[in-house]
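> Structure for this input, please:
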Amino acid sequence: MQKFISSALKKINGSYWLRSGSFTFMNKVFITLFGFVNFYILIRVLSKEDFGAWVLFISIASLMELIKHGFVRNPLIRFLAMSPGNESSSIQTASLVLNIIVGILEVIVLFLCAIYLSDFWDLPQLRTLFMIYMISTALFVPINHFDVIQQARMQFKGTFISNFIRHSGLFLFVTTVFFLGFRIRLEHLAYAQMTAIFLSGFASFRFGKPFLEFSGKVDWKWLRELRSYGFFTFGTNVSSMISKNIDSWMLVKLISPAAVTIFNPALRIANLVEVPTETLTSILFPKLSQRIANEGPQAARYLYEKAVGTITAFMLPMVLFFIVFAEPVVRFVAGPGFEQTVPILQITMLYGLIIPFNRFLGITLDAIGKAKTNFLFVVRNAVINIVSNYFYISYFGIMGAAYGTLTTYVIVMILNQVYLHRYLDVRLRNVFRHLVESYVKVFCTGVKILRQAF
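Okay, here's the model as predicted:
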């Protein structure tokens, strides 16, 4: 038994997938856990209007982070992986300049959101939240650079610690104030979030410092390269985020902020199923870029089929569990008064079986240099989701948001698989073969552990 454990630890330390995957998985787990506890408390202490406002604010804040990922993270990781080592300082300098420019533009956008979106949704609470988040956005400029440099060098420990500090800060504030019996105000949540972001920057710098390289001047060629590639990944991320949040945004406009509060518990629970997909997405992109640089685009086919098959195998039991036990789960998570959420959860859980097929298409296209194609696909997806949600919500109310998004995912999956088969020869039978192999490997590993243990 001791020999087996020692051998397993050596494999973990020597394997890129297990080492980086463990940090990334823990990162996603803690973020999800902290977010779930915050949700569990806030949905009970805030009014439905205030909670709806907080959900909308978080969705816009997440959109701002994705904009940075599009313009900074993906281009920097790809070009550092595919360019000679002596270009690293020039690429990092150009990326930091682009990062600063994007940060300034985001602050301007947040100021406009504070003025117009609060009136559009008739939620004056949003104005203060956006104003506070403008400071947080400025703090993200250096933090984001430190984190991305670590990911580009396939180091995930520092990113894990930084994200842990950032998300645990708001979690500690919410739980402490709740148990002390004080009233939780929306602006206090935004200030606590900003403080946690500031503190996380120290960890980001500590672990990112060894990988920092800057040149004495800006290489405008690299700035143009990063901007051109980043333009499409930026558009991809924005369109993807719009597609992901359009159901909540439309519920506010077509029904009321309280409708978002009914719908959000189902999304929160469904997000648990997405943790494995997001984990593998984070560690697969730098590895996929490296493999394609060394072996060519044909490497993308195998990694896509294996990643989708493996993740779908992992999520299938979780999806079935939450569908069968939807009622007690909703009662535990949201409390009484959320009976409408039960059938919504049963529909939204099906997202988890389709999302891997669509999510891994995006990073595959980015990795093989087809950022423009990925951008156009995601814009197409957003348009389909807007039309679908508007139709379903108009006819079915809150439940229509779940029907509309599920319809979009199914349509998009079919279109994506046709494209993948035509251009990368991806075959669904290989995806399902990897799915079955995953269950066989788990069974065999379990038998091996039992034999060595006894």
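> and the strand or helix carrying residue 232, which residues are buried?
Assigned by DSSP states H and E, residue 232 belongs to helix 220-254. Buried positions in helix 220-254, judged by neighbour count with 16 or more other Cβ atoms under 10 Å: 222-223, 225-227, 229-252, 254. Where C-beta positions appear, they are placed from N, C-alpha and C, glycine not excepted.
> which helices and strands sit right next to that helix?
Judged by 3 or more Cβ pairs under 8 Å, 6 or more residues apart in numbering; DSSP states H and E, helix 220-254 is in contact with helix 48-68, helix 74-82, helix 88-120, helix 257-295, helix 351-367, helix 371-396, helix 398-424.
> Report the inter-axis angle for it versus helix 48-68.
The directions of helix 220-254 and helix 48-68 differ by 160 degrees, with axes from the mean of the first three to the mean of the last three Cα atoms, to 10 degrees as the criterion.
> Contact partners for the closest residue to residue 34 other than its chain neighbours?
Nearest residue to residue 34 in three dimensions, chain neighbours excluded: residue 171, at 4.0 Å (Cβ to Cβ, 6 or more residues apart in numbering). The neighbours of residue 171, taking Cβ atoms under 8 Å, 6 or more residues apart in numbering as the test, are 34, 37, 38.
> you'd agree residue 252 is up against residue 260?
Yes - using Cβ atoms under 8 Å, residue 252 is in contact with residue 260, at 5.7 Å.
> Can you tell me which of the helices and strands packed on helix 220-254 has the worst average pLDDT?
Ranked by mean pLDDT, the helices and strands packed on helix 220-254 bottom out at helix 257-295, with a mean of 71.
> Looking at the helix or strand following it now, give me its mean pLDDT.
Counting by DSSP H and E, the next helix or strand C-terminal to helix 257-295 is helix 298-324. Mean per-residue pLDDT for helix 298-324: 83.
> Would you check how far apart residue 338 and residue 51 are?
According to Cβ to Cβ, to the nearest Å, residue 338 and residue 51 sit 12 Å apart.
> re earlier: now do the helix holding residue 232 against helix 371-396, angle only.
Per the same axes, to 10 degrees, the angle that helix 220-254 makes with helix 371-396 is 0 degrees.
> chain center to helix 220-254, what's the gap?
13 Å (Cα atoms, centre = their mean, to the nearest Å).
> Same question for stretch 193-205.
Here the centre of mass of C-alpha atoms in stretch 193-205, compared against the chain's by Cα atoms, centre = their mean, lies 19 Å away.
> now swap in stretch 93-104 and tell me
Put simply, stretch 93-104 sits 22 Å off its chain's centre (Cα atoms, centre = their mean).
> Over to stretch 322-335?
Centroid separation for stretch 322-335 versus its chain: 24 Å, with Cα atoms, centre = their mean.
> same check, this time on stretch 401-421
19 Å.
> which residues sit against that stretch?
Contacts for stretch 401-421 (Cβ under 8 Å, 6+ apart): 243, 247-248, 250-251, 263, 266, 304, 343-344, 347-348, 350-351, 354-355, 357-358, 361, 364, 377, 380-381, 384-385, 388-393, 396, 426-428.
> Equivalent analysis for stretch 97-105, please.
With Cβ under 8 Å, 6+ apart, stretch 97-105 has contacts from 67-68, 71-72, 137-138, 140-141, 144-145, 218, 223, 226-227, 230.
> buried subset of those residues?
Neighbour-count burial (16+ other Cβ under 10 Å) applied to the contacts of stretch 97-105 gives 67-68, 71-72, 137-138, 140-141, 144-145, 223, 226-227, 230.
> which neighbours do residue 252 and residue 260 share?
Common contacts of residue 252 and residue 260 (Cβ under 8 Å, 6+ apart): 52, 56.
> measure residue 148 to residue 208 for me?
Distance, residue 148 to residue 208, using Cβ to Cβ: 9 Å.
> what about those two, which has more around it?
Neighbour count, other Cβ atoms under 10 Å: between residue 148 and residue 208, residue 148 has more, with 26 against 23.
> still on that earlier bit, quick one: the helix holding residue 232 to helix 74-82, angle?
Calculated by the same axes, to 10 degrees, helix 220-254 forms an angle of 140 degrees with helix 74-82.
> Now do helix 220-254, average pLDDT.
Across helix 220-254, the average pLDDT comes to 77.
> Could the C-alpha coordinates of stretch 409-422 be exported in CSV?
Extracted in CSV, the C-alpha atoms of stretch 409-422 (Å, rounded to 0.1, in the frame of the first residue of the first chain):
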residue,chain,number,x,y,z
TYR,A,409,-27.2,24.8,-26.8
VAL,A,410,-28.7,21.9,-28.8
ILE,A,411,-28.7,23.9,-32.1
VAL,A,412,-25.2,25.2,-31.5
MET,A,413,-23.9,21.7,-30.7
ILE,A,414,-25.2,20.3,-33.9
LEU,A,415,-23.7,23.1,-36.0
ASN,A,416,-20.4,22.8,-34.2
GLN,A,417,-20.1,19.0,-34.7
VAL,A,418,-20.7,19.4,-38.4
TYR,A,419,-17.9,21.9,-38.6
LEU,A,420,-15.5,19.9,-36.5
HIS,A,421,-16.1,16.8,-38.6
ARG,A,422,-15.6,18.6,-41.8
